[in-house]
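Enquirer: whatever this is, show me its structure:
(one chain, ligands or ions: 2)
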Amino acid sequence: MAERLCFCSSFCLSPPFSAHPERPTAQSPGLPHLRPIGVADACYVSSSHLLELSSSHLFGRHKPRTQSSWGARASPGSSNSRVRSQAVLSPDKAAERGGLSGEAYYDAIVIGSGIGGLVAATQLAVKGARILVLEKYVIPGGSSGYYERDGYTFDVGSSVMFGFSDKGNLNLITQALAAVGCKMEVIPDPTTVHFHLPNDLSVQVHRGYGEFIGELISKFPHEKGGILKFYGECWKIFNALNSLELKSLEEPLYLFGQFFQKPIECLTLAYYLPQNAGDIARKYIKDPQLLSFIDAEVRQKGKRKKCFIVSTVNALQTPMINASMVLCDRHFGGINYPVGGVGGIAKSLAKGLVDKGSEILYRANVTDIIVENGKAVGVRLSGGRQFFAKTIISNATRWDTFGKLLKGENLPKEERDFQKRYVKAPSFLSIHMGVKAEVLPPETDCHHFVLEDSWSRLEEPYGSIFLSIPTVLDPSLAPEGRHILHIFTTSSIEDWEGLPRQEYEAKKEKVADEIIRRLEKKLFPGLQSSITFVEVGTPKTHRRYLARQSGTYGPMPRNTPKGLLGMPFNTTGLNSLYCVGDSCFPGQGVIAVAFSGVMCAHRVAADIGLEKKSPLLDNALLSLLGWLRSLA
Ligand SMILES: NC(=O)c1ccc[n+]([C@@H]2O[C@H](COP(=O)([O-])OP(=O)(O)OC[C@H]3O[C@@H](n4cnc5c(N)ncnc54)[C@H](O)[C@@H]3O)[C@@H](O)[C@H]2O)c1
Ligand SMILES: CC(C)=CCC/C(C)=C/C=C/C(C)=C/C=C/C(C)=C/C=C/C=C(C)/C=C/C=C(C)/C=C/C=C(\C)CCC=C(C)C
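Expert: Numbering: from 1, shown residues only. Ligands and ions are numbered 1, 2, ... in the order given. This next block holds a predicted model:
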């Protein structure tokens, strides 16, 4: 088991420290009186403050803190705003600099500090761009954030981390951290998921590919040939992906360069771009139970209200490229858990961003994207403050970006088409629990997928249960003698809206009790009586704290998609506005949104002159991609 280490070289050297040595922190002697901040106020938080956050009230009954000793309100003219003025303009100055005639101070404003937004921001910052990230909540990370309660550190989202190894080209989380000089200690997970399925089918997805395939073949010996062919095809795609340098597929000089250097690999990917995993699995495999297992494996979203493991749909609606990425990376680089919890990734990226001279404002709720002459030029916060930049990057979902943040603008055709092709996936009900350690049998795996009785419940709300026990890997996340159980299952916002408070609370308890009862019966006898802490989040909780419309987990195809062909990239129909995150290519998942961040940063860098570009080729490629999407 790994020791707890610092995230970055400077991360824990001088508490509290300032990322900019010349800039004192809010705690430094000599700083004037700091006013407590209200929810609507934006506050500058340096990475040192992040380290000191002990509890980010994300789920359950608690509201975000409205009083804080770690944040300082900027008031122009105060010494506190003077302290910051080297990197963050006072609101008035920022406003003056934007608009029609003024030169925008920032190269890019990023709305939201999910992993997608943070990767885009840090990748641009390392290229020398001046970035301002505006985050509505009090800490970075969005669905990859964390919160602390009663000595437990809970991951907000799930704890299965792809792309976090030290090899290949697809370890995008490792690479994103390295770009800003950070390295996190990780703990290898020996089993990606332990499936507990109908008809007492139990499959462990071992880290070793041979071991996993051996186990699967032993359960389905009559399908040996099909299994080898299906997973073999996945490896062909994964190897092609892994051989490329990953940058923006919307940037022609890079794309042609890759085609020139790796023609076979690029053509392989182009061939699979419009294909789905379920169709390919069905070419080789006939056993319905094995096909259902593969549906659960690739967990992409299928029809409305249905859901699964690697995203939330069945294999027939899962792009083959995404399925291959997930089904192979877990064996190639393996699933690795960051020591100290998933929240450390966003904290490290945020710190890295500040180290590179860019800024983050927390409690900065963007309500409007300001458009002038058909171009996104700035943003307005809920308190009325305005910031201007050459480009705006939205890490909010596309539904929020185009439905809420842009007012009075006609929905661009591209977005209308996207909304025809994709709907919002349902949200989750999540249960964060602390339990007595003795309730877990020895050798319990970290991640479980439970569907006890019938395959027909696979995609039903509350049908399948996801369970992570990160303390199996990192015991430091819980008090001694305790474990964390993070349970989640799909659930739609409609189930929870319009209920009076008491009924809402009673329903949370009832639904959570039923899920816990199922886990007690299937996995852990005595579970109920071993609980020491429990907190339940519903889709409303996700909507409120993650600022995602309907609390959605992301986009899912309305019908059977043409693989990844229909997914929009980062540019949008509005000049200078870009999107990043899970409603962009290639979709949901931490590694997927990290890739979207890398792509976005590259395209933006080209557009603001930090990377080479060819306007002529740009137009040709963007038209070609638009046309290809129209075929989806
Ligand atoms: N594999 C896993 O185990 C795992 C775990 C957690 C999360 N995830 C993935 O992460 C993906 C989401 O990442 P993402 O980067 O797209 O976004 P995100 O939803 O995680 O983060 C978006 C951020 O933007 C902020 N925001 C939204 N609107 C805002 C506004 N108007 N003003 C200011 N801030 C605003 C939110 O507060 C949030 O912090 C999901 O698809 C999920 O699959 C996966
Ligand atoms: C343009 C043209 C025409 C052509 C071109 C061709 C080419 C070159 C192409 C290329 C492509 C590429 C590069 C692509 C890429 C892609 C990628 C990277 C992808 C990725 C993906 C990923 C993913 C999807 C992931 C996901 C994940 C997830 C979702 C996860 C989840 C998890 C969970 C939910 C958890 C569970 C739990 C338990 C069991 C407990």
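
Enquirer: only C-alpha atoms from now on, for both contacts and neighbour counts.
Expert: Noted.

Enquirer: from S576, how far out is T560?
Expert: 32 Å (Cα to Cα, to the nearest Å).

Enquirer: who has more neighbours, these two?
Expert: A direct count of neighbours by other Cα atoms under 10 Å for T560 and S576 places S576 higher, at 22 against 16.

Enquirer: so which residues on the chain come close to ligand 2?
Expert: 158, 160, 193, 241, 246, 249, 266, 269-270, 309-311, 322, 325-326, 447-449, 466-468, 586-589, 591-592, 595 (Cα under 6 Å from any ligand atom).

Enquirer: any of those residues buried? List them.
Expert: Among those, those buried by neighbour count (16 or more other Cα atoms under 10 Å) are 158, 160, 193, 241, 246, 249, 266, 269, 309-311, 322, 325-326, 447-449, 466-468, 586-589, 591-592, 595.

Enquirer: now, the residues of the chain next to ligand 2 that are in strands?
Expert: Counting by DSSP state E, the part of the residues of the chain next to ligand 2 found in strands is 193, 447-449, 466-468.

Enquirer: need those in TSV (columns: distance to G383).
Expert: Converted to TSV, these look like this (distance: Cα to Cα, whole Å):
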residue	distance to G383
V193	45
H447	42
H448	44
F449	44
F466	39
L467	40
S468	39
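
Enquirer: and ligand 1, which of those residues contact it?
Expert: Restricting those to those within reach of ligand 1 (Cα under 6 Å from any ligand atom) leaves nothing.

Enquirer: any idea which of the residues you listed is closest to F488?
Expert: Set against F488, the nearest of those by Cα to Cα is F466 (5.2 Å).

Enquirer: where does pLDDT dip in the chain?
Expert: For the chain, applying pLDDT under 70 flags the ranges 1-104, 299-314.

Enquirer: and the longest helix for it?
Expert: helix 501-522 (DSSP state H).

Enquirer: for it, packing partners?
Expert: strand 531-537 (3 or more Cα pairs under 8 Å, 6 or more residues apart in numbering; DSSP states H and E).

Enquirer: ok so, going back, between the ones in strands among the residues of the chain next to ligand 2, which is nearest C234?
Expert: Closest to C234, out of all of these and judged by Cα to Cα, is V193, at 18.3 Å.

Enquirer: any idea how far the nearest residue to that closest one once chain neighbours are set aside lies from H196?
Expert: Distances taken as Cα to Cα, 6 or more residues apart in numbering put H447 closest to V193, at 4.8 Å, once the chain neighbours are dropped. Between H447 and H196 the computed distance is 11 Å (Cα to Cα).

Enquirer: repeat for T401
Expert: Distance from T401 to H196, by Cα to Cα: 39 Å.

Enquirer: can you check V138 too?
Expert: 37 Å.

Enquirer: by contact count, what packs against the helix or strand containing K224?
Expert: Using DSSP states H and E, K224 falls within helix 224-243. Packing partners of helix 224-243 (3+ Cα pairs under 8 Å, 6+ apart): helix 209-219, helix 263-272, helix 277-284, helix 320-329.

Enquirer: export stretch 146-164 as CSV, just CAs?
Expert: Extracted in CSV, the C-alpha atoms of stretch 146-164 (Å, rounded to 0.1, in the frame of the first residue of the first chain):
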residue,chain,number,x,y,z
TYR,A,146,-14.7,15.5,-2.9
TYR,A,147,-16.2,16.3,0.5
GLU,A,148,-15.4,15.5,4.1
ARG,A,149,-17.6,14.5,6.9
ASP,A,150,-16.9,13.0,10.3
GLY,A,151,-13.4,12.0,9.4
TYR,A,152,-14.4,10.5,6.0
THR,A,153,-13.2,11.8,2.7
PHE,A,154,-15.8,11.0,0.1
ASP,A,155,-15.4,11.1,-3.7
VAL,A,156,-18.4,12.9,-5.1
GLY,A,157,-18.4,10.8,-8.3
SER,A,158,-17.2,7.3,-8.8
SER,A,159,-13.7,6.2,-8.0
VAL,A,160,-12.8,4.2,-11.1
MET,A,161,-10.0,6.1,-12.6
PHE,A,162,-8.8,5.3,-16.2
GLY,A,163,-5.9,7.1,-17.8
PHE,A,164,-3.9,7.3,-14.6
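
Enquirer: who's in contact with it?
Expert: 54-58, 143-145, 170-174, 186, 192, 326, 329-330, 333-337, 341-343, 432, 434, 447, 468, 470, 477-479, 484, 486, 590-591 (Cα atoms under 8 Å, 6 or more residues apart in numbering).

Enquirer: likewise stretch 558-570?
Expert: 249-250, 272-276, 302-304, 316-321, 418, 420-423, 578-580, 583-587, 596, 599-600, 603, 628-632.

Enquirer: spatially nearest residue to L381 (excluding sequence neighbours)?
Expert: Leaving aside its sequence neighbours, L381 sits nearest to V366 (Cα to Cα, 6+ apart; 4.3 Å).

Enquirer: pull out the buried members of the contacts of stretch 146-164.
Expert: Buried among the contacts of stretch 146-164 (16+ other Cα under 10 Å): 55-58, 143-145, 170-174, 186, 192, 326, 329-330, 333-337, 341-343, 432, 434, 447, 468, 470, 477-479, 484, 486, 590-591.

Enquirer: return the subset of those lying in helices.
Expert: Filtering those for helices - DSSP H - leaves 172-174, 326, 329, 343, 590-591.

Enquirer: just put the residues you listed in a markdown table and tack on distance to V119.
Expert: Formatted as a markdown table, those follow (distance: Cα to Cα, whole Å):
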| residue | distance to V119 |
| --- | --- |
| L172 | 9 |
| I173 | 9 |
| T174 | 11 |
| V326 | 20 |
| D329 | 20 |
| G343 | 14 |
| V590 | 11 |
| I591 | 10 |
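
Enquirer: out of those residues, which touch ligand 1?
Expert: V590.

Enquirer: and the ones in helices among the buried ones among the contacts of stretch 146-164, which is closest to F533?
Expert: Of those, the one sitting nearest to F533 (Cα to Cα) turns out to be G343, at 20.1 Å.

Enquirer: is stretch 134-154 positioned near ligand 1?
Expert: Yes - for a cut-off given as Cα under 6 Å from any ligand atom, stretch 134-154 has contacts with ligand 1, namely 134-137, 140-144.

Enquirer: which parts of that stretch are buried?
Expert: 134-149, 152-154.

Enquirer: thinking again about what came up before, looking at the ones in helices among the buried ones among the contacts of stretch 146-164, which is nearest Y209?
Expert: Closest to Y209, out of all of those and judged by Cα to Cα, is D329, at 10.1 Å.

Enquirer: for that closest one, give me its contacts.
Expert: So D329 contacts 162-163, 170, 238, 335 (Cα under 8 Å, 6+ apart).
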